[in-house]
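**Student:** got a predicted structure here, sequence first:
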Amino acid sequence: MTSLKRSLGSDPLSSSISSKVFVRSTKSGKVQKIVRELYLRQDIPCSSKLCTACLATAPRDAAGVLAPFVLSAKPAGTKAYPNGHYLLPDTNALLNALDLFESTSAFYDVIILQTVLEELRNRSLPLYNRLIGLTKSAEKRFYVFFNEFRLETYVHREQGETINDRNDRAVRRAGKWYDEHLSQAVKAAGGNKKSVPTVVMLSDDKENLKKAKRDGVAACGLKDYVSMLENAEQLLDMIAVVKEGREIRDARAQESLYAEYYSVSKMMTGVKNGTLHQGIFNVSPYNYLEGSINVPAFDKNLLVLGRESINRAVQGDVVVVEVLPKDQWKEPSTKIIEEEALNKNENADAEDGEAVVTERERKALQEEVKKVHSKSSEGRPQPTARVVGVVKRNWRQYVGHVDESSVSQSVKESRKQQTVFLIPMDKRIPKIRVRTRQAGEIIGKRVLVTIDSWDRDSRYPIGHFVRSLGELETKGAETEALLLEYDVQYRPFPKAVLDCLPTEGHDWKVPVSTDDPGWKDRRDLRGLQICSIDPIGCQDIDDALHARPLPNGNFEVGVHIADVSHFVKPNNAMDAEASIRGTTVYLVDKRIDMLPMLLGTDLCSLKPYVERYAFSAIWEITPDAEIVKSDFTKSVIKSREAFSYEQAQIRVDDASQQDELTTAMRTLLILSKKFKQKRMDAGALSLSSPEVRVETESETSDPIDIKTKKHLDTMSLVEEFMLLANTSVAAKIYSAFPQTAMLRRHGAPPKTNFEELANQLKVKKGLELRTSSSKELADSLDACVDPQEPFFNTLVRIMATRCMMSAEYFCSGTQAYPEFRHYGLASEIYTHFTSPIRRYADLVAHRQLAAAIDYEPLDASVRSKGKLESVCKNINVRHRNAQQAGRASIEYYVGQALKGRIVEEEGFVMKVFSNGFVVFVPRFGIESLIRLRDLAETEPESTFDAEDYVLRTSGSREVEVELFEKVVVRISDIKEEGTGKRKVRLELVKTGGK
Amino acid sequence: MPLDTSTYSLALLRLDGRRWNELRRLNAQISTQAAADGSSYLEMGNTKVICTVTGPAELKSTGGARAGGDKADVRVEISIAGFSGVDRKKRGRNDKRVSEMQTTISNAFAQSLFTNLYPHSSISLSLHILSQDGSLLAACLNACTLALIDAGVPMRDYICACTAGSTSSYSSNDEQADPLLDLNGIEEQELPFLTVGTLGNSDKVSVLVMETRVQVGRLEGMLAVGVDGCKQVREILDQVVRKRGVKILEGSQL
Ligand SMILES: [Zn+2]
């Protein structure tokens, strides 16, 4: 008889095979038992340059390449570890202080254990990614040691041992092994005992440290270790205070201020069966105690009012909310509530008797409620909700400044650690409590902080200080602050990216011989009279145009776009960097490029007088602007001239100019007007946003003047043909790749978005805003005129723009065809094709178009739906951030330009609150709040008529302010205490008629 | 334990601690079921398969007319135990993937066996999958080879099979991707892979199945590693057979 033997026992290698059995539950609630094999080995190197034994057995990849050893042979020493030391952090050390490990002044030669890496990944993905980044940087010398796969360091979980205890034991075992291994290695090399580096385990866990001592592993608390370093004070601030803080609190057993979050499973079930709702938490820019969440179940946003309901949610977090009973539903606030005004002079150190809601806050909210209840039933209450849990924190690093009043005078000079408040630049983010020893030094500076935690027993989130950007209001600090705040990648391009550039550098030329492979399938369009029209001083010229009459009476029109995809090949380092940056960011004094300068402003840029590669779209168009046929081709062009909009306009208007270029521009202008008319007839919207231009002195880039942008015909000329090119290309790539075309859509705004504005127009002006289609909206916007006030129409357009959805990039396979529609342009399908130098989406469209015309095969990365979706997601965010950064930069410079000046200007009331109103000043494109208390020394009494949008004041000053009214304001500048920004300050001089 | 295959590049270690060119533990026994004409039990890592052979036997004429041709019919039947995977799942009789595997195996052995010696007869292979952890088709092929040897069916040479993959997925389009040998279940879910079977010690490929997408540039490397792996598998199977042979000669057992 034969029987099946247990094969494991008979295997001579069985000691090196382990298996892991664990149970996991899936999203759908199923329980799965997973069995995995684990092969333990002895050839995982220690990666110390001291060791030769490991070098002999170190692994090679399939190409036979050996990974270089990482840890230095002579690591830095400290007082306690004179022989030099390698660091071995445990998971908590990394969780609490990854910033420390990233600092350049210390923390070199670090061993990251696999155990720790995996634990970190389970706890925080962003931290994990940052750590992976560190292990890839050569100078920091971080080595990932796969201890779980090495026979000697593998630790079996014992009966009844928690996973954390097991992992801690694995870390100690690895430390011990390293220690022994290194002494052996040094001995083998004939070195003396003095040159064996110590392996120091870093931990914040007292129990773990104690056990390490018992096992004979060198170990040190994170804080103790940092205190031994030279710039200890700076570094100490970077350790998250979580742990320490909790210990103190435990001792005090303080009652909790906030309600406890629901358990994950409770939230999941609740969301599933519809009793709870999940969404992204947004804070009102006017009222820090009012948040809103858009959930699919309600067509109106859910309001979250007050600190208790907000329950520690921070702007951008993904939260789960519970809708409150109907009798607690409210209207959105009509009152401005600012944190700085209410909770000024709070002591950051004070913990005793801290209430969630301060007395002042309570009062402010109560007044609100009273008003709602007194209101007639005509009010439009919105559902309210409270936060019961946070699914995902969206915390990032925040730029802000220290609230000077929270720093106690006596310790300003001293090095004593104290708690201060940090006020983020973004008003929607609450104050952050930070413990620091450098309070004195960072006062008056722009600083970067992160939030570490927000416990139930703390009114404000707790964070730590990362670094200082420089003095407040210095150009450098403010620009960097702005870039950080909008997450713009502004570091110089790394070498790997620059290595992708053509080796010829600026000497690169279109090959002379048309037999060169670069000429393959390229049409020679060098003979055409092509020119470009751009803003003054534009260096990255994306597009150029030409037009010429055809013998049959039609016109041939060409749009030629820089052939960036020729230089940026998919999947190389440059492409990866560009896809992360997503877009070029334009600030008033600075441009942060998506592609290296060499390409953006030279080799790709369609500069005049030189030959350049281009991607051309060429149409035959009838004099009535009907397209007869269209054609796309790679080409070589030679632009004859680079005009500014102004130059082009002058030339077109000057009848004596009869050269070929000018007549071509006239042709284009006539055609563009016809195209525009057609678009308007189809219901395209002409919207408006306040646009101003800051003129700066060329040398110092100090602002001299602010100009509102003037609109020229030549601008819409270029715009129309770019729209034409974009729509034609969109249709072409969609027909070639129905599942994966890179497109751009603009959703129709939900009707509710316009309710407020429509009501305002009806009440104040007797005008009707129809919003059922874009055509209706466009027509009714045209009708919104006030014969006495030409600016009124623009004002309404600005306000209507804010009710719109934002346009977004998407991958065609993710939406149904009707959803492709671009609402604002009234176009069925649309993409971005015309600015590949400064937008990544255009580059993708170029690659897809090149494949669609069989110029080259389509790369896998632009063919995979999943990959494209993630690209779209990123560039949508980058695009929005770039716009906001640009606006913030203008705002900053407007403030600087007005510095020390006092001007009186006309403005318009855009929004009325019960205790203030917002005025828009078209001359400077600024918009600012005037509060009741700004009207007179003592705050005047007021009555607010919400139905009529009128605010009447009496007492110390008598005025009557109504919506849309023209007012005169005095503009001066002031340093805003809340955000540390220099901002314009408006004072009411007089109202409209009176 | 790493959660996915993305950490490979950090230390050139796979999810279960192997290097790129290492097989899993391969364990096999022959003549495990005395009642069958030939039988084997084979483990490739956690993939476990039992194979029994019945035949060559005379074909029973079912329709009355001519049954079978001048060659023996190789029939394969695979049954997958409900408890073999992570999720308990009952596969229907006409599961497409199973019938495709049956056809692949049957075609492969129809070529390597001297079926012409047994006209009007059939050789039935019955495979029972006890546990699945990747390289299922390869394990089945190897188990069949052993069982057929046990049954004494004359063959040209062993068919040995294994899987080969690539360390990064299709969409990541990584040019530096290493080829991989013998993928386990998790790797198969994330990475492109193929199953290759060769005849004996030669480079003659008798089975090649690939159902995932991969850049054509990586294919050659994968195939080379796979063919090399097949030779290693053959070494191991050969030892199993020889050990069995020695035992029979000693007469200690039969
Ligand atoms: Zn070593």
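**Tutor:** It's in. These figures come from a predicted structure and were not determined experimentally.
**Student:** tell me the mean pLDDT for the top strand by length along chain A?
**Tutor:** Criterion DSSP state E: the longest strand present in chain A is strand A:627-644. Strand A:627-644 carries an average pLDDT of 93.
**Student:** buried ones in it?
**Tutor:** Using 16 or more other CB atoms under 10 Å in any protein chain shown as the test for burial, strand A:627-644 gives A:630, A:632-644. (C-beta placed from N, C-alpha, C; glycine too.)
**Student:** equivalent analysis for stretch A:859-879, please.
**Tutor:** Neighbour counts using 16+ other CB under 10 Å place A:859-864, A:867-869, A:871-872, A:874-876, A:878-879 of stretch A:859-879 among the buried residues.
**Student:** can you check stretch B:200-211 too?
**Tutor:** The neighbour-count check on stretch B:200-211 (16+ other CB under 10 Å) flags B:Gly200, B:Ser206, B:Val207, B:Val209, B:Met210 as buried.
**Student:** which of the buried residues of stretch A:859-879 sit farthest apart?
**Tutor:** Farthest-apart pair in the buried residues of stretch A:859-879 is A:Ala860 and A:His879; separation 24.7 Å (CB to CB).
**Student:** quick check, the helix or strand of chain B with the lowest mean pLDDT touching chain A?
**Tutor:** Least confident element among the helices and strands of chain B, by mean pLDDT, DSSP states H and E: helix B:8-11 (a mean of 76). Yes. Helix B:8-11 reaches chain A (CB under 8 Å from any CB of the partner chain) through B:Leu10, B:Ala11.
**Student:** next SSE downstream of that helix?
**Tutor:** strand B:26-30 (DSSP states H and E).
**Student:** elements contacting that next one?
**Tutor:** Secondary-structure packing of strand B:26-30 (3 or more CB pairs under 8 Å, 6 or more residues apart in numbering or on different chains; DSSP states H and E): strand B:38-44, helix B:136-151, helix B:216-250.
**Student:** which ones are touching the most centrally placed residue in chain B?
**Tutor:** Geometric centre of chain B, nearest residue: B:Ala138, 2.4 Å, by CA atoms, centre = their mean. Going by CB atoms under 8 Å, 6 or more residues apart in numbering or on different chains, B:Ala138 touches B:Met44, B:Ala161, B:Cys162, B:Thr163, B:Asp182, B:Thr195, B:Gly197, B:Val233.
**Student:** any idea how far the residue lying closest to the fourth one once chain neighbours are set aside lies from chain A?
**Tutor:** The shortest distance from B:Thr163 to any residue other than its chain neighbours is 4.5 Å, reached at B:Ser135 (CB to CB, 6 or more residues apart in numbering or on different chains). According to CB to the nearest CB, to the nearest Å, B:Ser135 stands 12 Å off from chain A.
**Student:** quick one, what contacts B:Ser135?
**Tutor:** Taking CB under 8 Å, 6+ apart, one finds B:Met44, B:Gly45, B:Thr47, B:Cys162, B:Thr163, B:Asp182, B:Leu183, B:Asn184, B:Glu188, B:Thr195 in contact with B:Ser135.
**Student:** doesn't B:Thr195 make contact with the fifth one?
**Tutor:** Yes. In this structure, B:Thr163 sits in contact with B:Thr195. The criterion is CB atoms under 8 Å, and the distance is 5.1 Å.
**Student:** which residues are common contacts for these two?
**Tutor:** With CB under 8 Å, 6+ apart, B:Thr163 and B:Thr195 have common neighbours B:Ser135, B:Leu137, B:Ala138, B:Gly226.
**Student:** reformat the residues you listed as TSV; add distance to the ion.
**Tutor:** Formatted as TSV, these follow (distance: CB to the ion, whole Å):
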residue	distance to the ion
B:Ser135	33
B:Leu137	40
B:Ala138	36
B:Gly226	33
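**Student:** and those, which two are the farthest apart?
**Tutor:** The most widely separated members of the shared contacts of B:Thr163 and B:Thr195, counting by CB to CB, are B:Leu137 and B:Gly226 (12.3 Å).
**Student:** in terms of neighbours, single out the busier of those two.
**Tutor:** B:Gly226 (27 against 21; other CB atoms under 10 Å in any protein chain shown).
**Student:** tell me the pLDDT of the more buried one.
**Tutor:** On the pLDDT scale, B:Gly226 gets 93.
**Student:** now do the SS call for the residue lying closest to it once chain neighbours are set aside.
**Tutor:** Sequence neighbours aside, B:Ala164 is the residue nearest to B:Gly226 in space, at 3.3 Å (criterion: CB to CB, 6+ apart). What DSSP: H, G, I helix; E, B strand; the rest coil gives for B:Ala164 is strand.
**Student:** contact partners for B:Ala164?
**Tutor:** Neighbouring residues of B:Ala164 by CB under 8 Å, 6+ apart: B:179-183, B:193-194, B:196, B:222-223, B:225-226, B:229.
**Student:** restricted to buried residues, select those in PyMOL.
**Tutor:** Selecting the buried subset of the contacts of B:Ala164 in PyMOL, with 16+ other CB under 10 Å as the burial test, is done by:
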select buried, chain B and resi 179+180+181+182+183+193+194+196+222+223+225+226+229
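**Student:** looking at the contacts of B:Ala164, which is nearest A:Ser47?
**Tutor:** Taking the contacts of B:Ala164 together and measuring to A:Ser47 by CB to CB, the closest member is B:Leu180, at 23.0 Å.
**Student:** how about that closest one: what's its closest non-neighbour residue?
**Tutor:** Using CB to CB, 6+ apart, the closest residue to B:Leu180 is B:Gly165 (4.2 Å).
**Student:** list the contacts of that neighbour.
**Tutor:** Contact analysis of B:Gly165 by CB under 8 Å, 6+ apart lists B:Pro179, B:Leu180, B:Leu183, B:Glu187, B:Glu188, B:Leu191, B:Pro192, B:Phe193, B:Leu194, B:Met222.
**Student:** now, which of those residues lie within helices?
**Tutor:** Mapping these onto helices (DSSP state H) picks out B:Glu187, B:Glu188, B:Met222.
**Student:** report the contact partners of the residue in chain B that chain A sits nearest to.
**Tutor:** Nearest residue of chain B to chain A, counting by CB to the nearest CB: B:Gly17, 3.7 Å away. Residues in contact with B:Gly17 (CB under 8 Å, 6+ apart) are A:Leu38, A:Tyr39, A:Leu40, A:Arg41, A:Phe146, A:Glu148, A:Phe149.
**Student:** bridged to the second one, which residues?
**Tutor:** Looking back up the chat, that one is A:Tyr39. A:Ile17 (DSSP bridges).
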